[in-house]
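Enquirer: how would this look folded up:
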Amino acid sequence: MFNRKKVLLTFALVVVLLISTVVAISAATGAVAMSPPITVVELQPDDVDPDGSLTETYTFETFEQALAHVGVNLSELQPAGEEGATTPALASSGNAILARTERHCVVWIEPLQPGAQRSVQSEPECYDTFAGALEAATGGSAGSDSTIRPNQVSESLLATSQGSVVIGIDYANANFGGSSITWTTEHMAGCSDGSSYSASGMPSGWNDVVSSAKSFTGCNHYYHYEHTNFGGAVLDCGGSCATMGAMDNQTSSERWTQ
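Expert: Got it, this is the predicted structure:
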């Protein structure tokens, strides 16, 4: 299925990375120049405007200001040295741009109560880095490594959680990459004591987005449903789905059970 949000996200990343590469080359030759005003169109992956737009526009007087907005510090880009050498800071600038295209959100969810059809859950809180989201989701314990990436999460890493535990993580890309949404609960047993959790709809910006998923803390069954309120096709990821098959970009509600 065509996923407009992912196409826009990929397009924005390619465009900005291309700009950063041109700037690096231009900096090496002392030829950075662009006429003002400079416009930056930034993807907003978590807020879908009523008119369907997923962008926000910013205008700057200098190219340097525009680059700073997307995470590139032009002053750090120095001419290349010996043959084969790369322009310093280009790789780190590219990583900064990549990080800006991702959003990592956390939702707190409560165990399903007797007779209830869905769990009580919070609005998502979103962070620029996965480490920041993981720190919030685990009470400050598992996100201490600022370099941690979404695909590096494991049960052993989460074992030190304090105050809340992670029961599942959804990823926008296959193989546990891209933007993420972490589901966490203050019920420290997770699913291991027989508790279950039900999200009858996905948080804002996450409907029909999930491409891989992992579950934790005794949640051995992680169900992804095609429609809200647990309707349509369903995929049980078990503890891990690196890909979603026919359910790729189809998830509209979820359940976790022991």
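
Enquirer: can we go C-alpha only for contacts and neighbour counts from here?
Expert: Will do.

Enquirer: so, low pLDDT: which residues of the stretch 51-200 of the chain?
Expert: 51-58, 60, 63-100, 141-144 (pLDDT under 70).

Enquirer: for the nearest residue to E102 once chain neighbours are set aside, which three-state class applies?
Expert: Of all residues not flanking E102 in the chain, S179 sits nearest, at 4.8 Å (Cα to Cα, 6 or more residues apart in numbering). Secondary structure assignment for S179 (DSSP: H, G, I helix; E, B strand; the rest coil): strand.

Enquirer: who are the contact partners of G190?
Expert: By Cα atoms under 8 Å, 6 or more residues apart in numbering, the residues touching G190 are 165-167, 216-219.

Enquirer: swap the cut-off to 6 Å and go again
Expert: Counting by Cα atoms under 6 Å, 6 or more residues apart in numbering, G190 touches T217.

Enquirer: that's a helix at it, yeah?
Expert: No: using three-state DSSP, the assignment for G190 is coil, not a helix.

Enquirer: and it, how far is that from D170?
Expert: 17 Å (Cα to Cα, to the nearest Å).

Enquirer: what does V120 give?
Expert: V120 is 18 Å from D170, by Cα to Cα.

Enquirer: which one's more surrounded, the two?
Expert: Between V120 and D170, counting by other Cα atoms under 10 Å, D170 is the more crowded of the two (27 against 16).

Enquirer: helix, strand, or coil at that one?
Expert: strand.

Enquirer: swap in A133?
Expert: Following three-state DSSP, the label given to A133 is helix.

Enquirer: OK, contacts around it?
Expert: 104, 127 are the contacts of A133 under Cα under 6 Å, 6+ apart.

Enquirer: oh, and call the first residue 187 from now on, that's how I've got it
Expert: Okay, residue one is now 187; in that scheme the one you just asked about reads as A319.

Enquirer: and it, how far is that from N406?
Expert: 23 Å.

Enquirer: next, the nearest residue to R304 once chain neighbours are set aside: phi, psi?
Expert: Leaving aside its sequence neighbours, R304 sits nearest to S384 (Cα to Cα, 6+ apart; 4.9 Å). Main-chain dihedrals, S384, degrees, to the nearest 10: phi -140, psi 120.
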